[in-house]
Structure formats: C-alpha cells, structure tokens
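Student: This is a predicted model, with the sequence first.
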Amino acid sequence: MRIFTAEELKKATNNYANDKILGRGGNGIVYRGVLRDTRIVAIKKSRIVDESQIEQFINEVVILTQINHRNVVKLFGCCLEDEVPLLIYEYVSEGNLYEHIHNQRGAGWLTWQNRLRIAAGIATTLAYLHSFASIPIIHRDIKSANILLDSAYTAKVADFGVSKLIPLDQTHVATLVLGTSGYLDPKYSHTSQLTKKSEIYSFGVVLAELLTGLKPIIRARDEDNKNLADFLVLSMNKNSLFDIIDGSILWEGSHEQLQKMAELAKNCLQPHGEDRPTMKEMAIELEGLRKVTVISSSSQHEQDEKLDLYTVPINSYENIPNSVSSCIMHPTYNPS
C-alpha cells in the first residue's frame, strides 16, 4: 500500500477530466490515470463524504491488504488528502463481464470455452477467499458487473467495499442486507444471516448469465419482472433448458456440457443454503468440466453445424480435485 498525494492524482487524471471516466456507480466514479512512472491505474473517487462511504473505504483497504491473488484486482494505495476518499487500483483494460455478456461487447471472443474458463476462474477465486485466505472473506456483492477482464480476458474480482471477514469460529454473521437485486440470496434477504452459501447463490446467477445471455432481472411484456434464477430453474424443470441457452454457444458446447453447467447453476440456486455446494466443490466441478472435454477438430464447411464433442463422463474427475485444490490455494493460479 502506498499513500498517494492529491496533487499527483490530479495530474494523473488531468484534474479528473470527463474523458478519463471509466465508469460510474452509485457510490462514486472511477477514472483512468497515468502515474509519473507511466503506470496506468484506476482511481475510485467517492461522490460524497458520509459515514457509510468512510466505512466502505476503510473496509476495502482492510480486506484487500490481506489478499494476494492474481484473480483479485490489486489495490496499489489510497489518498487521504482529498475531501473524499480515493482508492488506486491496477487498471483492468477490458471492462466488466456484464458489458461483454449483455451489451455485445464480447460477441467475438465470448465462446463456450471462454465462458467455461471465466466461470472456473471466478469459482477458484471465491473458493480461495472462502477457504484459504488467512481469515475467510465473503465478497457480499458478487455479480457480473464486479468481474473485470484484463487484456487476456482473465477474470478479476473487484469492489470489496461491502465485503465481510468471517471469524474462523463462526459460520455466519448477522448483518444489514446488502447486494444487488437479482443476485441476492432470498434466504439472506429474509433472515439477514450472511454465510458463504449466500455468496454461492449469487455465483449461480452469474453462471446463469453466462449460460443464457439473459440479465439477472428479466423484463417481460406479459408479466412482472422475473428473476433469471427462477427462470432457469423453471425452464429446467419443464425440460426446456435449450430454449433459453444463448444462441451463440448453443452449437459450440455439447448438450451434455450445457446441461452440466445448468445443473451446477441450479445447485447453487437451491432455496436452502445447506443444499448448495461449497465454492471449492464448484471450482473442482467447473475446472473438471472445462479440462476433461476435448473439442474435436472440424473443417471449415462444418462451422455452421453442431461441433462433435468427445466428452469424458462428467463424474470421471478422480484425478482432478487435488490438482484444482492446489491451484485454489496458490495465489498466482491462472485458470487460462
């Protein structure tokens, strides 16, 4: 952690010029900046000064200084001179996963294999936070907009302002319900009891987004807003899963692969937390699904036809858990 001066951050952003804005959120604005050493950074500036903003500022510093993982956005430092808190992060060049899924930004590269790679990377990172960090960490706002992508399209988890440290001798904490509509675990919403399984529900919604290309809240003309989570589960129960899968990947993955991914998402979306898998189990399953399936080569004239896939049976993961577990624990693990 480095303490930056207000003056060097003004210079880095051309006095926070509008053309340096990377994104806007409810709590602040993120600017692109270039430091004196030519390093490109992202600078988060709070909109207003109030107690909640100060708490989130302190919380993010506390959390991120305890994490050293290549799939978590790195915090370089902060600035304490300005009237509002400023945090300085590594610059992640390709925006967030939400934009790529829903705004057609990733139309070219967001293939089935890359979606699997991103899903496995997120799962491995969350498994590290839940089980292998010095003190277990619950992110508390997992959503596709908080998954950033670097120049190699490697997923990086961002925005730890509302995250929680979970004491080793506790399974849950009672807390104010925070999160994003469409991703919130209904049980957590009703009880205010935050657990690791609450986060697994949110991750299940991200899996559903990757699988279907649909937003977490679906707006339909003939009915009220519907959660994607409920829509996915209902479609699976009606045996109409393949009617809602994103058309751009429908002919890339085998039906067995797509079905397996949907089943993993459904398991995360179980109504009762105790029925959901752990993030470590999800990381093992997704990494296994990604690695044991070998896509056969196809000729140019077959590109518009369904690819032939030779798939190892989904349960044949005997040699995977130990290797994946070691990757989760290793802070420099790269799922690519």
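Tutor: Right, received. Where do you want to start?
Student: separation between the nearest residue to residue 82 once chain neighbours are set aside and residue 39?
Tutor: Residue nearest to residue 82 in three dimensions, not counting chain neighbours: residue 6, with 4.9 Å by CB to CB, 6 or more residues apart in numbering. Just so you know, the C-beta spots here come from the backbone N, C-alpha and C atoms, and that holds for glycine as well. Counting by CB to CB, to the nearest Å, the gap from residue 6 to residue 39 is 18 Å.
Student: cool, residue 148 as well?
Tutor: Using CB to CB, residue 148 is found at 17 Å from residue 39.
Student: where in the stretch 101-250 of the chain is pLDDT low?
Tutor: Within the stretch 101-250 of the chain, the segments meeting pLDDT under 70 span 105-107, 167-174, 220-225.
Student: Now residue 22: phi and psi?
Tutor: When read as degrees, to the nearest 10, the backbone of residue 22 gives phi -90, psi -30.
Student: going forward can the numbers begin at 36, since that is how I track them
Tutor: Okay, residue one is now 36; in that scheme the one you just asked about reads as residue 57.
Student: which residues touch it?
Tutor: For residue 57, the contacting residues are 65-67, 77, by CB atoms under 8 Å, 6 or more residues apart in numbering.
Student: how about 6 Å then?
Tutor: By CB atoms under 6 Å, 6 or more residues apart in numbering, the contact set of residue 57 is 65, 67.
Student: ok, now how distant is it from residue 102?
Tutor: Taking CB to CB as the criterion, residue 57 is separated from residue 102 by 22 Å.
Student: swap in residue 291?
Tutor: Using CB to CB, residue 291 is found at 36 Å from residue 102.
Student: returning to that earlier point: next, the contact list for the residue nearest to residue 117, please.
Tutor: Applying CB under 6 Å, 6+ apart as the definition, the contact partners of residue 41 turn out to be 114, 116-117.
Student: So which of these belong to strands?
Tutor: Secondary structure assignment (DSSP state E) places residue 114 from those within strands.
Student: Please, where are all the helices along the stretch 186-335 of the chain?
Tutor: All helices of the stretch 186-335 of the chain, identified by DSSP state H, counting those that start in this stretch, fall at 221-226, 231-247, 263-272, 282-285, 290-303, 314-327.
Student: Mind listing the residues bridging to the residue nearest the centre of the chain?
Tutor: Closest to where the C-alpha atoms of the chain average out (CA atoms, centre = their mean) is residue 182, at 4.0 Å. When bridges are assigned using DSSP bridges, the partners listed for residue 182 are residue 192.
Student: That one touches residue 132, doesn't it?
Tutor: Yes. When contacts are counted by CB atoms under 6 Å, residue 182 is listed as touching residue 132 (4.1 Å).
Student: who has more neighbours, residue 291 and residue 102?
Tutor: Set side by side, residue 291 and residue 102 give different neighbour counts by other CB atoms under 10 Å, the larger being at residue 102 (21 against 14).
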